[in-house]
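*Asks:* Need coordinates for the following:
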Amino acid sequence: MALAYSQAIAALLMLAAAPALAQQAPGAAPTAEAGREAVDPSLSPECRVPGSKLYTLAPLKGVKRALRQNRAIRVLALGSSSTVGIGASSPQASYPIRLEGELQKLFPGVEVEVVNRGLSGEVAAGAAERLRNTIAEVEPDLVVWQVGTNDALARVDVDAFAQSLDESIRWIQSHKIDVVLIDPQYTASLAKDDYYGQVVKTVQEVARKDRVPLVLRYEAMRYLASQKAGGSYLARDQFHLNDLGYRCMAEHVGRAIAVALLESEPATTNTVSPPTSAAAAK
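*Replies:* The predicted structure is shown next:
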């Protein structure tokens, strides 16, 4: 078991070093800053984004524990239409199914299961209402939560949104389950909406406060749109993702999970009550 864990970490170290190694001068040592700014060659050409526009990191103790114990990793995918897969040509093209394949590639020899519990139109408070039953059913090591888009579109109060998200994350963490957040998607029209931008920023602030990794989907999609490397990432409605968009999303989430496993772990955890936000209690 220890050997398998050591091999997994060695593979992750090579993956984390790939961006810096791709752009460093001959004979120069790779640096963390170079890795953050270099475009990651381990991603598909159409999906390549610098680390600084792809993720913020924090430890994943639950996933690391599963690897140490040489057991299957179970991931619960929460979210709205991007998790359901609206805009994809088939269920097989949705991001959770693609994420399962990405994680199996990143952790060869480790069984990975991604359970999709996306619900179209859901806001953060709605997810808080069903969180406990879903987690009791699935018993995940990791919750990947795509969140914020519908809250922004529904003009949910930003402070209430932040409170609901924070309470839910801390409740999940109190059960020794990891969390990775995915912030809202980017479109040219939504980029002009100041309220939408506030919600994106709020997700980032909550992720930093609660020390959970964050997939910077908004920044990554904006970068890809500016590069026009692989054509459109959006479906015909110019809002939901298409197959290419979901493939990139899965690669980005998988990459963030893998690199976050190299983060050092804090020594303490807090025990909190189940989420009881005012919005969730309605």
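*Asks:* ok, which stretches of this structure are helices?
*Replies:* 2-23, 32-37, 61-68, 81-84, 95-106, 124-138, 149-153, 158-174, 194-210, 217-227, 243-260, 278-281 (DSSP state H).
*Asks:* Compare those and report which one is nearest to V115.
*Replies:* helix 124-138 (5.0 Å; Cβ to Cβ). No exception for glycine: its C-beta is placed from N, CA and C like everyone else's.
*Asks:* The closest one packs against which elements?
*Replies:* strand 73-78, helix 158-174, helix 278-281 (3 or more Cβ pairs under 8 Å, 6 or more residues apart in numbering; DSSP states H and E).
*Asks:* can you put those in JSON lines and add mean pLDDT and mean neighbour count?
*Replies:* Formatted as JSON lines, the helices and strands packed on helix 124-138 follow (pLDDT from 0 to 100; neighbours: other Cβ atoms under 10 Å):
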{"stretch": "strand 73-78", "mean pLDDT": "97", "mean neighbour count": "25"}
{"stretch": "helix 158-174", "mean pLDDT": "97", "mean neighbour count": "21"}
{"stretch": "helix 278-281", "mean pLDDT": "42", "mean neighbour count": "16"}
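*Asks:* Quick one, which of these gets closest to I182.
*Replies:* Nearest of the helices and strands packed on helix 124-138 (Cβ to Cβ): strand 73-78, 9.5 Å.
*Asks:* what lines up beside that closest one in the sheet?
*Replies:* Sheet pairing here is set by DSSP bridges, and for strand 73-78 it gives strand 112-116 (parallel), strand 142-146 (parallel).
*Asks:* Can you lay out the ones you listed as TSV showing mean neighbour count?
*Replies:* Listed next are the strands paired with strand 73-78 as TSV, based on neighbours: other Cβ atoms under 10 Å:
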stretch	mean neighbour count
strand 112-116	19
strand 142-146	26
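*Asks:* Make JSON lines out of the ones you listed and add distance to V203 and mean pLDDT.
*Replies:* Below are the strands paired with strand 73-78 laid out as JSON lines (distance: least, Cβ to Cβ, whole Å; pLDDT from 0 to 100):
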{"stretch": "strand 112-116", "distance to V203": "21", "mean pLDDT": "97"}
{"stretch": "strand 142-146", "distance to V203": "10", "mean pLDDT": "98"}
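*Asks:* how about the closest residue to C248 other than its chain neighbours, what does it touch?
*Replies:* Among residues not flanking C248 along the chain, C47 sits closest, at 3.7 Å (Cβ to Cβ, 6 or more residues apart in numbering). Neighbour list for C47: L224, G230, R247, C248, E251, H252 [criterion: Cβ atoms under 8 Å, 6 or more residues apart in numbering].
*Asks:* Contacts only, for S44.
*Replies:* S44 touches R247, C248, E251, counting by Cβ under 8 Å, 6+ apart.
*Asks:* okay if I get those residues as JSON lines plus pLDDT?
*Replies:* As requested, the contacts of S44 are arranged in JSON lines below (pLDDT from 0 to 100):
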{"residue": "R247", "pLDDT": "97"}
{"residue": "C248", "pLDDT": "96"}
{"residue": "E251", "pLDDT": "97"}
